[in-house]
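Novice: Here is the input, now give the coordinates:
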Amino acid sequence: MNPGTPESAGVLTVDLDAIASNWRTLRDLHRESGGRETGAAVKADAYGLGAAVVAPALAAAGCRHFFVAQLAEGMALRPLLGPGPMIAVLNGFPPGADENAALTPVLNSPGDIAAWSGTGRDAILHLDTGMARLGLTPAELDALAEDPSPLRGLQLLLVMTHLACADEPAHPLNAAQAARFAAARARLPALPFSLANSAGIFLGRDFASDLARPGCAVYGLNPTPGRPNPMRPTVRLAVPVLQVREIPAGTPVGYGAGWTAQRPSRIATVAAGYADGYLRSLSGRATGRHNWHEVPLVGRISMDLSTFDVTDHPAIGPGSMIELIGPGNSPDDVAARAGTIGYEVLTALGARYRRAYSAA
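Specialist: Coordinates of the predicted model:
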């Protein structure tokens, strides 16, 4: 048990073997498509699963390129990974950041390039080919192609872009971005390039590159929506029943009295709420599982607690565990009921859960 973690906390079990296996599957698929290296996105605390444990497990599996969003994330990882692997900071370095940090900034604007120019340090150049988010705009690329002097004194490791619609294989923007990226790279000094995210790896040879950057698929989310998930599940979340209450028919449950028992019922209250990342939008939509039997969530999810109808399962009592995420109820399944995506389900997982890791 983690220090300060109450005994009533739920248990989030993370399968490091599955994470490592998923990364190797993605690496092999990228190679089969003609790609070279495959890294891993470990931003947002490795999608909520614990970067301090997950990143070393990926390094042990052979990963040598890691991507975080913020400088602090990279600084926390560097002593855990040692001096060898690349750790790239996708949001770049903020003003005043320590340029001597053993991290690689992604340069997203002319200002980033100017601030880093002349340092002779490693960097990655980001081009926007269709996201309208970070990265050089077409006009900024034009200016850089006409006058590449700002690139002098930079040790550019890669040029990268990010796919907007890779999880929709037929979307025309996929081919358009690949073509724009190829045309843009032709106007710059020859550099290794990085293109595919998780879903992009499944788009085939036209999206292979020197370095793929999968994220969600490493953690078991489906990179091919609408088709069977090719990745292994990596997480299970089980929470303890704090109390079981017997109520007569006609009794409302929870805030707003949004659910009313239609029969004499047994209501189990569990230690998970929206403060733990069990999204409020799941109210009235989610199901849990106990010994493979479904139990419906009833009433509104509150900050710290949720309620399940366990009338048909008399063995469930205080101390029983109800599984909120697991086989047959994946993060993608939970997300579909919440009206969101599996990314949000994983990254929302709260710090109050006790994390248990399998050995990789």
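Novice: Buried ones in the helix or strand hosting Asp332, by neighbour count?
Specialist: Using DSSP states H and E, Asp332 sits in helix 331-338. By neighbour count on 16 or more other Cβ atoms under 10 Å, the buried set for helix 331-338 is 331-335, 337-338. C-beta coordinates here come from the backbone N, C-alpha and C atoms, glycine included.
Novice: next one: stretch 149-160
Specialist: Going by 16+ other Cβ under 10 Å, stretch 149-160 has these buried residues: 150-151, 154, 156-160.
Novice: What segments of the chain are helices?
Specialist: Shown for the chain, the helices assigned by DSSP state H span residues 16-32, 43-47, 51-61, 71-81, 110-116, 138-146, 172-185, 198-201, 331-338, 342-347.
Novice: Can I get the third one as PDB, trimmed to CA atoms?
Specialist: Meaning helix 51-61. Extracted C-alpha coordinates of helix 51-61, given in PDB (Å, rounded to 0.1, in the frame of the first residue of the first chain):
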ATOM      1  CA  ALA A  51       5.400   7.200 -16.300                       C
ATOM      2  CA  ALA A  52       8.000   6.500 -13.600                       C
ATOM      3  CA  VAL A  53       7.200   2.800 -13.900                       C
ATOM      4  CA  VAL A  54       6.000   2.500 -17.500                       C
ATOM      5  CA  ALA A  55       8.800   4.400 -19.200                       C
ATOM      6  CA  PRO A  56      11.600   2.200 -17.700                       C
ATOM      7  CA  ALA A  57       9.600  -0.900 -18.700                       C
ATOM      8  CA  LEU A  58       9.400   0.400 -22.300                       C
ATOM      9  CA  ALA A  59      13.100   1.100 -22.200                       C
ATOM     10  CA  ALA A  60      13.700  -2.500 -21.100                       C
ATOM     11  CA  ALA A  61      11.600  -3.600 -24.100                       C
END
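Novice: Show me which residues of it are buried.
Specialist: Residues of helix 51-61 classed as buried by neighbour count (16+ other Cβ under 10 Å): 51, 53-59, 61.
Novice: could I get those residues as CSV with distance to Ala182 and pLDDT?
Specialist: Listed next are the buried residues of helix 51-61 as CSV, based on distance: Cβ to Cβ, whole Å; pLDDT from 0 to 100:
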residue, distance to Ala182, pLDDT
Ala51, 33, 97
Val53, 38, 98
Val54, 33, 98
Ala55, 31, 98
Pro56, 36, 98
Ala57, 35, 98
Leu58, 29, 98
Ala59, 31, 98
Ala61, 31, 97
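Novice: Identify, from those, the entry nearest to Ala217.
Specialist: When the buried residues of helix 51-61 are compared for distance to Ala217 (Cβ to Cβ), Leu58 comes out closest, at 12.7 Å.
Novice: Leaving out sequence neighbours, find the closest residue to that closest one.
Specialist: Setting aside the residues directly before and after it, Leu58 is nearest to Ala40 in space (Cβ to Cβ, 6 or more residues apart in numbering), at 5.2 Å.
Novice: quick one, what contacts Gln155?
Specialist: Neighbour list for Gln155: 120-123 [criterion: Cβ atoms under 8 Å, 6 or more residues apart in numbering].
Novice: Which one of the residues you listed sits in the busiest neighbourhood?
Specialist: Ala123 (24 neighbours; other Cβ atoms under 10 Å).
Novice: pretty sure it is touching Trp116, no?
Specialist: Yes - at 5.4 Å, Ala123 counts as touching Trp116 under the criterion of Cβ atoms under 8 Å.
Novice: Find residues that contact each of those two.
Specialist: 105, 107, 154.
Novice: From these, which land in strands?
Specialist: 105, 107 (DSSP state E).
Novice: returning to that earlier point: in CSV: the buried residues of stretch 149-160, plus pLDDT and distance to Trp259.
Specialist: Output for those, formatted as CSV (pLDDT from 0 to 100; distance: Cβ to Cβ, whole Å):
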residue, pLDDT, distance to Trp259
Pro150, 91, 61
Leu151, 90, 61
Leu154, 90, 60
Leu156, 94, 57
Leu157, 95, 55
Leu158, 96, 52
Val159, 97, 54
Met160, 98, 48
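Novice: which among those gets closest to Ala186?
Specialist: Val159 (11.0 Å).
Novice: Distance check, the closest residue to Pro83 other than its chain neighbours against Leu81.
Specialist: The shortest distance from Pro83 to any non-neighbouring residue, by Cβ to Cβ, 6+ apart, is to Ala102 (6.5 Å). The gap separating Ala102 from Leu81 is 10 Å, by Cβ to Cβ, to the nearest Å.
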